[in-house]
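Predicted model and sequence follow; I will ask about them next.
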Amino acid sequence: AEEAKRQLSSFTKDNNPTTMSSDIVVERLTNDLIPPFAQYSGKESYFEGNTPLSKAVGYIVVLGFGALFSVFTTAIVYVDKKFKGNANMTSEHFNTAGRMIKTGLTASVIVSQWTWAATLLQSSNVAWQYGVSGPFWYASGATIQVLLFGVLAISLKKVAPSAHTVCEIVRARWGKTAHLTFLFFAFCANIIVTSMLLLGGAATVEALTGVDYRLASFLIPWGVILYTSAGGLKATFIASYLHTVIIFAVLVTMIMVVYIKTYSSDQVYTFLDWTVSYTTEECQQIYSTNPLNYTGPETSFFDPDKYACGPVPNNNSGSYLTMLSGDGLMFGIINIVGNFGTVFVDQSYWQSAIAARPSSAAKGYLLGGICWFAIPFSLATSLGLASTALMLPITAGEAGAGLVPPAVADHLLGNAGAVLILIMLFMAIVSTGSAESIAVSSLFAYDIYREYFNPDATGEQILKVSRIVIVVFGLFMGAFSILLAEIGLNLGWVYLFMGIMIGSAVIPLWNLMTWDKASGTGAVIAAWSGLILALTGWMVGAKIESGSVTVATLGSNPVMLSGNLIAILSSGFIHYVYSKFIDPQNYDFSELNTHIKLVEHDMSGLTEEEQNPDELRRAYRWITRRGYVLTLVLIIIWPLLSVPAGVFTQAYFAFWVLVSICWGFGATIIITLLPLIESQADIGQDLSGLWNYIRCKKGDVNEYAEEEAPKEVEEPVKEVEADEEAPAKNEE
């Protein structure tokens, strides 16, 4: 190899006197084991319109997996109903899952609902942009909302246990105007989240398989529609557990491939150092038509805004290996504000709180948040950092569309890696998609149909409306995501925008459940004023910064940050001032639940034992202390402790990677095993019932054991009695 390099260098100097090649670049290009890799020489983008997988694979995953999960989850729900004496699907059970979900499954569902396409794709994009700070701020900035929502989950169990939707609670406390206002924001949250699912999913399906993104946008929702409309929230929860297990299995695989099988943390550290050490001229050579025989800038297509090469702007020493990143911190703030909106305003999280049994709600949210942290943090610390360390020709456009993970997986594992990422992504899309579908159906059924069109609606009518809405919403979102793509909006843009649109509803909803003085009129004024101010400040910021208002200028970090902060802070300030000084209330929370009525009077999860005030008070204290402490650790203490490190040393980075690996493996074990352990009795009952059904019997195995056991004891007794009677008769 050394001789080949020497001859190549000699050939270059002797036969091309006008060469401007860097010896370092040439040396590394001719070594297949280190980046940059010669196999990508002359490539202007990683995928370049070529797909590693065939269209057939795309259709198999999108349609095949959707059908498979629909059949599987529907069958599980059917078995569960049949062998537990719960054969009739009521509207209450369809929309609340009986309010008896345990801690492990609640945590699994939270992880599943919070794992969007953006979680897998956008987290690696910010690692590609900002380095180690990107995965951390994505993970911490979106974990604290789940931890804090646990406080609202217990508050809901205390004051509105009969509720079906968050807007139902708004109506009961603040009246019709507030109800319509927050219904608008709730629908916006559902539409934005589903848009991101389909934008990221369709773009990745097209990049990996060649299936047109417009067709993928319509096909992806059908797998969700089938099992969600059939089994309701219970089917969604069961499917969510299966999806989460698969996502964590792929996550662990990718971590092992990057840091154990193929490279080590030390090698990745060295490669990241190399990436930022290249001069502009060397970057131009690497990204040129013929880097081994580079003649000058005229043959280069390098653009510092397009490729990850050279020092990172606004990072300490231009390094990827530092938490001191201006743009990374800015993204973190945007992430925190935006995700408050998509948790506190999204009906699917309220629905999970409603479905959880009171003793499980707080622990489920806390455990779910901690386990979810591993997905963006561990995945992006492996695949995201590897993308820049290996200097794959990923463009900013490809990164913004969420194509960093599939590119790295394809490079490291070939077609197998592309298939794994495609399956992982599909699991994330359908799990969150099903939660969003059931959330929208509940809002329509209870807050529009029953509230304004048919106040005396029966359970059967509500069930019918819920199922129709699930189908219509799936088709609408397919069309809407195509419209967004045609406008030119990608996953990254919509992700940064979401806080501007729904952030103004966050603090009023928090006050709804926790502050007796919160004014309904003030909440309406705050929500609408915050939205108007945020949109105005966002557009004015784009005009001031860039001189024009376009999709591109509106998508810059400083402009998005200003809009997000205005939304949440202005609405919070307005609501506080109005409630404190203009229209203070003195609301009695004990009255709230009396204004919410059940449909079929299904009291599951609502008995006195499950609504024990002392237990709820202890649960509230438990989640409040732990939620606040963990929030402080994740967004204040941890970042501050990493500041003295400056640019990470090799040992510090190795420890950072070790934390991400341990967190990933620990979360995988907990999320996989805990729901099974907690539900082993129910699983055993279902399996025994199914076994007896196959044998054409009724009941479960335990019942038969009880029936047959006495026979074995009685038979010998009868024989003894017969033997004793015989001599007696002979004596007579």
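The structure has been received and is ready for your questions. Residues are numbered from 1 along each chain as shown.

When you work out contacts or count neighbours from here on, use the C-alpha atoms and nothing else.
Will do.

what separates Leu147 from Val633, distance-wise?
Leu147 sits 12 Å away from Val633, going by Cα to Cα, to the nearest Å.

The two - which one has more neighbours?
More crowded of Leu147 and Val633, by other Cα atoms under 10 Å: Leu147, with 27 against 14.

isn't there a strand covering that one?
No: applying DSSP: H, G, I helix; E, B strand; the rest coil, one finds Leu147 to be helix, outside a strand.

What is the least confident helix or strand in this protein?
Least confident helix or strand, the chain: helix 2-15 with a mean of 42, by mean pLDDT, DSSP states H and E.

and the helix or strand following it, how far from the chain's centre?
Per DSSP states H and E, the first helix or strand lying C-terminal to helix 2-15 is helix 23-29. Relative to its parent chain, helix 23-29 has a centroid offset of 41 Å by Cα atoms, centre = their mean, to the nearest Å.

for helix 23-29, what is the average pLDDT?
Averaged over helix 23-29, pLDDT sits at 88.

Can you name the element that comes right after it?
Once helix 23-29 ends, the next helix or strand along the chain (criterion: DSSP H and E) is helix 55-59.

Can you give me the neighbour number for Ile677?
The number of residues packed near Ile677 is 11, by other Cα under 10 Å.

Could you report the distance from it to Leu105?
Per Cα to Cα, Ile677 is found 10 Å from Leu105.

what does Ile661 give?
Per Cα to Cα, Ile661 is found 23 Å from Leu105.

Could you double-check that Pro613 lies in contact with Lys158?
Yes: in terms of Cα atoms under 8 Å, Pro613 counts as a neighbour of Lys158; the distance is 7.4 Å.

Neighbour count for those two, which is higher?
Higher neighbour count among Pro613 and Lys158: Lys158, with 22 against 13, using other Cα under 10 Å.

Hmm, Asn415 is touching Leu53, no?
Yes: Asn415 is within contact range of Leu53, at 6.6 Å (criterion: Cα under 8 Å).

And these two? Which one has more around it.
Leu53 (21 against 17).

Let me see the contact set for the more buried one.
By Cα atoms under 8 Å, 6 or more residues apart in numbering, the contact list for Leu53 reads Leu208, Thr209, Gly210, Asn415, Ala418, Val419.

which ones are touching the fifth one?
Meaning Ala418. By Cα under 8 Å, 6+ apart, Ala418 lies in contact with Pro52, Leu53, Leu208, Pro406, Ala407, Ala409, Asp410.

Below-threshold pLDDT in the stretch 101-250 of the chain: ranges please.
230-235 (pLDDT under 70).

so Val599 sits in a helix?
No: using three-state DSSP, the assignment for Val599 is coil, not a helix.

Pull the distance from stretch 141-151 to the chain's centre.
Averaging C-alpha positions (Cα atoms, centre = their mean) puts stretch 141-151 13 Å from its chain's average.

do stretch 201-213 as well
Centroid separation for stretch 201-213 versus its chain: 20 Å, with Cα atoms, centre = their mean.

mind saving the C-alpha coords of it as CSV?
Output of stretch 201-213 as CSV, limited to C-alpha atoms (Å, rounded to 0.1, in the frame of the first residue of the first chain):
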residue,chain,number,x,y,z
GLY,A,201,-41.2,8.9,6.0
ALA,A,202,-42.0,9.5,2.3
ALA,A,203,-38.7,11.2,1.6
THR,A,204,-36.8,8.3,3.1
VAL,A,205,-38.9,5.7,1.3
GLU,A,206,-38.2,7.5,-2.0
ALA,A,207,-34.5,7.8,-1.3
LEU,A,208,-34.0,4.2,-0.3
THR,A,209,-36.5,2.4,-2.7
GLY,A,210,-37.5,4.8,-5.4
VAL,A,211,-41.2,4.7,-4.5
ASP,A,212,-42.6,8.1,-5.4
TYR,A,213,-43.0,10.2,-2.2
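
in it, what's buried?
Gly201, Ala202, Ala203, Thr204, Val205, Glu206, Ala207, Leu208, Thr209, Gly210, Val211, Tyr213 (16 or more other Cα atoms under 10 Å).

which helix is the longest one in the chain?
Secondary structure of the chain per DSSP state H: the longest helix is helix 213-256.

The following helix or strand past it - contacts with which helices or strands?
Counting by DSSP H and E, the next helix or strand C-terminal to helix 213-256 is helix 265-277. Secondary-structure packing of helix 265-277 (3 or more Cα pairs under 8 Å, 6 or more residues apart in numbering; DSSP states H and E): helix 385-389, helix 650-678.

Residues contacting helix 265-277, please?
Helix 265-277 is contacted by residues 34-35, 259, 308-312, 318-321, 385-386, 388-391, 650, 653-654, 657 when judged by Cα under 8 Å, 6+ apart.

And the residue nearest the centre of the chain?
In the chain, the residue lying closest to the centroid (Cα atoms, centre = their mean) is Thr115, at 1.5 Å.

coming back round to it: using a markdown table, please lay out the helices and strands packed on helix 265-277 together with distance to Leu561 and mean pLDDT.
Formatted as a markdown table, the helices and strands packed on helix 265-277 follow (distance: least, Cα to Cα, whole Å; pLDDT from 0 to 100):
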| stretch | distance to Leu561 | mean pLDDT |
| --- | --- | --- |
| helix 385-389 | 24 | 95 |
| helix 650-678 | 28 | 94 |
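
which one of those has the most crowded surroundings?
By mean neighbour count, with neighbours taken as mean count of other Cα atoms under 10 Å, helix 385-389 ranks first of the helices and strands packed on helix 265-277 at a mean of 28.

quick one: buried residues of whichever helix or strand comes after that one?
With elements assigned by DSSP H and E, the helix or strand that comes after helix 385-389 is helix 396-400. For helix 396-400, the neighbour count (16+ other Cα under 10 Å) marks Ala396, Glu398, Ala399, Gly400 as buried.

just stretch 48-67 next, same as before
51-53, 55, 57-59, 61-63, 65-67.

which intervals of the chain have sub-threshold pLDDT?
1-20, 80-81, 83-100, 230-235, 359, 600-611, 697-732.

for Leu422, what are its contacts?
Counting by Cα under 8 Å, 6+ apart, Leu422 makes contact with Val61, Thr204, Val205, Leu208, Pro406.

Find the helix or strand that the third one is a member of.
With the criterion set as DSSP H and E, the secondary-structure element containing Val205 is helix 176-209.

Report the angle between that helix and helix 213-256.
Per axes from the mean of the first three to the mean of the last three Cα atoms, to 10 degrees, the angle that helix 176-209 makes with helix 213-256 is 80 degrees.

Report the distance from helix 176-209 to the chain centre.
On the basis of Cα atoms, centre = their mean, helix 176-209 sits 13 Å off its chain's mean C-alpha point.

Can you give me the buried ones in that helix?
Neighbour-count burial for helix 176-209 [16+ other Cα under 10 Å]: 178-183, 185-209.

Now Pro561: closest residue in space, sequence neighbours ignored.
In this structure residue 561 is Leu, not Pro. Distance criterion Cα to Cα, 6 or more residues apart in numbering; nearest residue to Leu561, sequence neighbours excluded, is Ile334 at 5.4 Å.

could you dump whichever strand or helix holds the one you found to PDB, C-alpha only?
Assigned by DSSP H and E, Ile334 belongs to helix 326-344. Extracted in PDB, the C-alpha atoms of helix 326-344 (Å, rounded to 0.1, in the frame of the first residue of the first chain):
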ATOM      1  CA  GLY A 326     -23.800  28.600  19.500                       C
ATOM      2  CA  ASP A 327     -26.100  27.100  16.800                       C
ATOM      3  CA  GLY A 328     -26.500  23.900  18.900                       C
ATOM      4  CA  LEU A 329     -27.700  25.900  21.900                       C
ATOM      5  CA  MET A 330     -30.000  27.900  19.700                       C
ATOM      6  CA  PHE A 331     -31.500  24.700  18.300                       C
ATOM      7  CA  GLY A 332     -31.800  23.400  21.900                       C
ATOM      8  CA  ILE A 333     -34.000  26.400  22.900                       C
ATOM      9  CA  ILE A 334     -36.100  26.000  19.800                       C
ATOM     10  CA  ASN A 335     -36.500  22.300  20.500                       C
ATOM     11  CA  ILE A 336     -37.600  22.900  24.100                       C
ATOM     12  CA  VAL A 337     -40.200  25.500  23.200                       C
ATOM     13  CA  GLY A 338     -41.600  23.600  20.200                       C
ATOM     14  CA  ASN A 339     -41.900  20.300  21.900                       C
ATOM     15  CA  PHE A 340     -43.800  21.800  24.900                       C
ATOM     16  CA  GLY A 341     -46.400  22.500  22.300                       C
ATOM     17  CA  THR A 342     -46.500  19.100  20.700                       C
ATOM     18  CA  VAL A 343     -46.800  17.400  24.100                       C
ATOM     19  CA  PHE A 344     -49.100  19.700  26.100                       C
END
